[in-house]
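Undergrad: sequence-free structure coming up:
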């Protein structure tokens, strides 16, 4: 396995700004239709990422350019037992996220946003978030816990290599998942074809 070396360390708050998502009041889906896409918790999946096609497009109650997400921003879910990061890609539309996310914007060229998102997804970071979450019924992640997350910064070339490896792993997982689903569908079809006649005969005898 290739060796990876770090040359700097710190905490997340020293490398990035952290702010809350757009402060919606009331139900998002009840707002008038418009041209602003809204990322909600239901639109995210740790394996598949952000389901862009399923986003609500609404008219923003209080338009503000500061609220719009930028490419390479990271949104981090703040509720529940797992706090997953999602790196925002280039979009041809204005996008905001619900207040159930933190918006993390990298403020230094020393760390790639995609690498930071990968690092935040790993077990040490997830354990840090879990240890600092509060709430008896629904866990909530506080900003100071996110700000204090320890961060490791290897050279940029190593960061990019890790990002590429992660992308390849996700692609391979998606292909394998599709193959498994296809095989399961094939076996179900065989079962229907092979076993259905026996059940039909049984029904005929009992009718």
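TA: Arrived safely. Just so it is clear, the structure is predicted and the values come from calculations on it, not from any experiment.
Undergrad: what are the phi and psi values for the residue nearest the centre of the chain?
TA: Closest to where the C-alpha atoms of the chain average out (Cα atoms, centre = their mean) is residue 86, at 4.0 Å. Residue 86 adopts backbone torsions of phi -140, psi 130, taken as degrees, to the nearest 10.
Undergrad: partner residues bridging it?
TA: Listed by DSSP bridges, the beta-bridge partners for residue 86 are residue 75.
Undergrad: Just the pLDDT at it, thanks.
TA: Predicted confidence (pLDDT) for residue 86: 95.
Undergrad: and it, what is it in contact with?
TA: Going by Cβ atoms under 8 Å, 6 or more residues apart in numbering, residue 86 touches 39, 44, 49, 50, 74, 75, 76, 117. In short, each C-beta sits where N, CA and C put it, glycine included.
Undergrad: just the buried members of these?
TA: Among these, those classed as buried by 16 or more other Cβ atoms under 10 Å are 39, 44, 50, 74, 75, 76, 117.
Undergrad: What sits closest to the first one if chain neighbours are left out?
TA: This points to residue 39. residue 97 (4.2 Å; Cβ to Cβ, 6 or more residues apart in numbering).
Undergrad: quick one: the one you found and residue 75 touch, right?
TA: Yes: shown here, residue 97 and residue 75 form a contact pair, counting by Cβ atoms under 8 Å, at 4.9 Å.
Undergrad: Relative to the whole chain's centre, how far out is the longest helix anywhere in the chain?
TA: Looking across the chain with DSSP state H, the single longest helix is helix 156-206. Averaged C-alpha coordinates place helix 156-206 at 23 Å from its chain's average position (Cα atoms, centre = their mean, to the nearest Å).
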